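[1] generate a structure from the sequence data that follows.
(one chain, ligands or ions: 2)
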Amino acid sequence: MTEQLAVAVLGATGRMGAEAVKAIDAAPDLDLVAALGREDSLDTLVAAGAQCIVDLSVPDATFENVAFAVERGIHAVVGTTGWDEGRLERLTSLLADHPATGVLIAPNFALGSVLASAFAARAARYFESVEIVELHHPDKVDAPSGTAVRTAALIAQARQKAGVPASPDATSAERAGARGADVDGVRVHSVRLRGLVAHQEVLLGGVGEQLTIRHDSYHRESFMPGILLGVRTVSSRPGLTVGLDGYLELEA
Ligand SMILES: NC(=O)c1ccc[n+]([C@@H]2O[C@H](COP(=O)([O-])OP(=O)(O)OC[C@H]3O[C@@H](n4cnc5c(N)ncnc54)[C@H](O)[C@@H]3O)[C@@H](O)[C@H]2O)c1
Ligand SMILES: O=C(O)C1=N[C@H](C(=O)O)CCC1
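    Numbers count the residues shown, from 1 in each chain. Ligands and ions are numbered 1, 2, ... in the order given. All right, here's what the predicted structure looks like:
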């Protein structure tokens, strides 16, 4: 029998963490060696012999958790949001000192969401206007969602490369927030509504037509195949990968 990979979950009692604990526990090739909450010491990871962490904690804690792992040569699969450019730069320089260690930061582990963002980036160069509406449960602490920030970045890159001008917008009188947040030049609107899990629409407008690319996660189980893929792949991908699309063959 091949040796199991020793995995620890951080944020283990949270909505996502609890689901990840179940998924890792059920995977025959993975050994759940630790399940940490807010009060637990990160030293537990070392004592438990973790080879890979899955961080599903909170934006305020995720950098410290991942840095602790990287400094000890423990790979990290990260679903927690809050990874701005400054944090990514600091992590990249930390990884330079630990060249065998891999980190995957995936704003969304649902395959359909990753595909929807990739499709939207491809389509965005052909439409005059593009805006994003992200819709989540009301217990979410951050807005806009990490997925929307990543989708906007991919769209902005694709439009810039293709020389597409900014989406037209004649707004000259605005009540604060009415036009959403500007993320890399793309307007992002955040809805928080009881009953929702995680949903996103990319609205693409051209003369006389509209294309909507929508993805829905109805249950947190939808994120588990992506987490397992990340855990199984991260040790063979040293350095930093942002987006699960980095581990998928998305080109047709
Ligand atoms: N990448 C994805 O596919 C995906 C999917 C869903 C949620 N998320 C993100 O995952 C994060 C968690 O979401 P959630 O809905 O499970 O939130 P949650 O609030 O239910 O869970 C977070 C947990 O982390 C714990 N925690 C706080 N500080 C900690 C620390 N220092 N170390 C370890 N644990 C700590 C909290 O006590 C809580 O139990 C959010 O940033 C969310 O946006 C990502
Ligand atoms: O429930 C959440 O919180 C989610 N967070 C991620 C994000 O911010 O994009 C992924 C979807 C669910």
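[2] every contact and neighbour count from this point should use C-alpha atoms.
    OK.
[3] surely E71 touches H98?
    Yes - with contact defined as Cα atoms under 8 Å, E71 reaches H98; the gap is 7.1 Å.
[4] so where does whichever residue of the stretch 101-250 of the chain sits closest to ligand 1 fall, helix or strand?
    Residue of the stretch 101-250 of the chain nearest ligand 1, by Cα to the nearest ligand atom: N108 (3.3 Å). Here N108 is covered by no helix or strand, with elements defined by DSSP states H and E.
[5] quick revisit: and E71 and H98? which has more neighbours close in?
    More crowded of E71 and H98, by other Cα atoms under 10 Å: H98, with 17 against 14.
[6] wait, doesn't the more buried one sit right on V70?
    Yes - assessed by Cα under 8 Å, H98 is found in contact with V70 at 7.0 Å.
[7] rewinding a little: look up how far D29 lies from the residue of the stretch 101-250 of the chain closest to ligand 1.
    Distance of N108 to D29, computed by Cα to Cα, to the nearest Å: 23 Å.
[8] go on, L196?
    Distance from L196 to D29, by Cα to Cα: 33 Å.
[9] up against ligand 2, what does the stretch 101-250 of the chain have?
    107-108, 140, 145-147, 198 (Cα under 6 Å from any ligand atom).
[10] mind checking which of those residues are buried?
    Among these, those scoring as buried are 107-108, 145-147, 198 (criterion: 16 or more other Cα atoms under 10 Å).
[11] show me what counts as buried in stretch 83-96.
    Residues of stretch 83-96 classed as buried by neighbour count (16+ other Cα under 10 Å): 83, 88, 91-92, 95.
[12] which one of those residues is nearest ligand 2?
    W83 (10.6 Å).
[13] where does that closest one fall, phi/psi-wise?
    phi -90, psi 90 (degrees, to the nearest 10).
[14] same deal with the one 4 residues further on?
    R87 has phi and psi values of phi -70, psi -40 when expressed as degrees, to the nearest 10.
[15] which residue is the nearest non-sequential neighbour of it?
    Nearest residue to R87 in three dimensions, chain neighbours excluded: F63, at 7.1 Å (Cα to Cα, 6 or more residues apart in numbering).
[16] could you list which residues are in contact with A20?
    Contacts for A20 were tallied using Cα atoms under 8 Å, 6 or more residues apart in numbering; they are 9, 12, 224, 227.
[17] any idea which element the third one lies in?
    Yep, that's M224 we're talking about. Using DSSP H and E, M224 falls in helix 224-233.
[18] that helix: how far from the chain's middle?
    13 Å (Cα atoms, centre = their mean, to the nearest Å).
[19] check whether it contacts ligand 1.
    No - using Cα under 6 Å from any ligand atom, helix 224-233 never reaches ligand 1; the gap is at least 7.8 Å.
[20] circling back: and the pLDDT at the residue of the stretch 101-250 of the chain closest to ligand 1?
    On pLDDT, N108 comes in at 98.
[21] so it makes contact with G243?
    Yes - applying Cα under 8 Å as the test, N108 and G243 come out as touching, 7.5 Å apart.
[22] was I right about T62 contacting D55?
    Yes - T62 is within contact range of D55, at 6.8 Å (criterion: Cα under 8 Å).
[23] which residues do the two both contact?
    T80.
[24] in the helix holding M224, what counts as buried?
    Buried residues in helix 224-233, counted by 16+ other Cα under 10 Å: 224, 226-228, 230-231.
[25] ok, now stretch 145-164?
    Using 16+ other Cα under 10 Å as the test for burial, stretch 145-164 gives 145-159, 164.
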